[in-house]
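Starting from these lines, generate the structure:
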Amino acid sequence: MASKKTDSEKTSAFKKEIRELLDSGLKASKKGLRKASKAISEFGDVSVIKIDITKFKVKLEKKYVELGKLCSTILIDRKTTSVTKKTEGVEELIAEIEKLKKKISDEEKKLKEKSKSKSGKSAASDKTVVALPAKKTAAKSKADKKTASKTEKKSESKKTVPKKTASKKTTPQK
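Numbering: from 1, shown residues only. Okay, the predicted model is just below:
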């Protein structure tokens, strides 16, 4: 007889094919998980930098407010005519402001470096563009309302009741 495969041979071949498919699926899953892990790590790093920048900017604003209050106190309460960098308290605040500006600048440089290294790898695939609906300005929405009301008025005027025509009264002829 011709070489017919027995059931056990068919079963073992089927098992082998299934095992190969599962192995290739497992390899693809591992590769995908590695990529996802790396992307999440990069996203986390960028997020931390952005949070630090925001934190430093908030501190900077507080220092500016503090400097303003100090200058106000010096000029109004102490009744002095000028404030300089050498005025008591001002020099320290200006030094702190400069330090915060430097920290913000450093963090922004780190952020640019991260985005450059990321864009060098796969710039086209990482950027997603989402179209947002256009916002109507107040002037545009008023114009739309006027146009709508004019259209309504025109349509109302077209819906006039047909005029009754005066029928000629016929008088019987004698």
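
could you show me where the helices are in the protein, in order?
Using DSSP state H, the helices of the chain run over 7-72, 90-126, 138-158.

The first one - what's its average pLDDT?
Looking at helix 7-72 alone, the average pLDDT works out to 91.

Compute the inter-axis angle for it and helix 90-126.
Here the directions of helix 7-72 and helix 90-126 differ by 150 degrees (axes from the mean of the first three to the mean of the last three C-alpha atoms, to 10 degrees).

Remind me what helix 7-72 packs against, helices and strands.
Helices and strands touching helix 7-72, by 3 or more C-beta pairs under 8 Å, 6 or more residues apart in numbering; DSSP states H and E, are helix 90-126. Just so you know, the C-beta spots here come from the backbone N, C-alpha and C atoms, and that holds for glycine as well.

For stretch 64-79, buried residues please.
67, 70-71, 74 (16 or more other C-beta atoms under 10 Å).

Leaving out chain neighbours, which residue sits closest to residue 101?
Spatial nearest neighbour of residue 101, chain neighbours left out: residue 60 (6.8 Å); criterion: C-beta to C-beta, 6 or more residues apart in numbering.

Now do that neighbour: how many residues are near it, please.
17 (other C-beta atoms under 10 Å).

Show the contacting residues for it.
Shown in contact with residue 60 (C-beta atoms under 8 Å, 6 or more residues apart in numbering): 97, 100-101, 104.

still on that earlier bit, take the buried residues of stretch 64-79 and lay them out in TSV including distance to residue 115.
Output for the buried residues of stretch 64-79, formatted as TSV (distance: C-beta to C-beta, whole Å):
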residue	distance to residue 115
67	33
70	38
71	38
74	43
